[in-house]
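*Asks:* Got a predicted structure plus its sequence, pasted below:
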Amino acid sequence: MIIPASSLFAYSLNLHFTGNFVALKKKVMASSPEVKVYKLVLHRLKTLKELSDTFNSCYPYLKLGFYEHTHKQKKSSPSEELMQEGLKLEEVCEEIPFMVIDIEEHKIVAELEEELQEKLGLGVQVLRWVRNRWSQTTFNDDWSLQRHNKEAEVDDKMFGEM
């Protein structure tokens with residue numbers, strides 16, 4: 001990252017490695033709260049489960065589901081198209097170079113799904129823990145990852161254990 005000397009922003013960077021993610025905390029101005037940015041590292045030998053588990057380690061009440069076909073915003077993916085978690089990216093993607101995807105906590109679910117679908121050529125759904133099961137976030141695709149995670153945490157504390 002290059003920051004011009006004339007920049008009014010002061011950045012404090014803390015790198016934290018968690019499997020496929022590199023967590024990057026960026027503090028903008030002294031009075032601003034920290035913004036968490038995760039770097040999802042994709043390469044051909046990663047399994048769908050490894051990607052989903054790593055995402056889930058950053059957002060404990062969310063995970064990624066991978067489907068045979070892409071979907072439009074606020075639309076669900078058929079459960080029969082859910083791909084087996086043990087598949088490697090090289091087995092399900094035509095061409096998968098090494099790449100890194102930025103995932104900010106304020107990123108909108110629909111934006112993340114669209115970006116992953118575009119880069120992988122697979123249907124991707126963010127799943128949320130709701131009442132003791134994983135559910136597609138279709139009706140709230142315009143919510144941030146952080147909001148979904150917090151809402152699911154509150155719901156879990158009220159209605160059941162994860």
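*Replies:* Here it is on my side, so go on. Residues are numbered from 1 along each chain as shown.

*Asks:* Nearest spatial neighbour of Ile103, chain-adjacent residues omitted?
*Replies:* Tyr38 (4.5 Å; Cβ to Cβ, 6 or more residues apart in numbering). C-beta coordinates here come from the backbone N, C-alpha and C atoms, glycine included.

*Asks:* in what helix or strand does that neighbour lie?
*Replies:* According to DSSP states H and E, Tyr38 maps onto strand 35-42.

*Asks:* Pull out the buried residues from that strand.
*Replies:* 36-38, 40-42 (16 or more other Cβ atoms under 10 Å).

*Asks:* Let me know the closest of those to Glu115.
*Replies:* Of all those, Leu40 has the smallest distance to Glu115: 9.8 Å, by Cβ to Cβ.

*Asks:* Could you identify the longest helix within this structure?
*Replies:* When the chain is parsed with DSSP state H, its longest helix is helix 145-159.

*Asks:* now the strands for the protein?
*Replies:* Shown for the chain, the strands assigned by DSSP state E span residues 13-18, 21-26, 35-42, 62-67, 99-104, 123-130, 133-136.

*Asks:* Considering these, which stretch scores lowest in mean pLDDT?
*Replies:* Mean pLDDT values for these show the minimum at strand 13-18, a mean of 42.

*Asks:* Much appreciated, bye for now.
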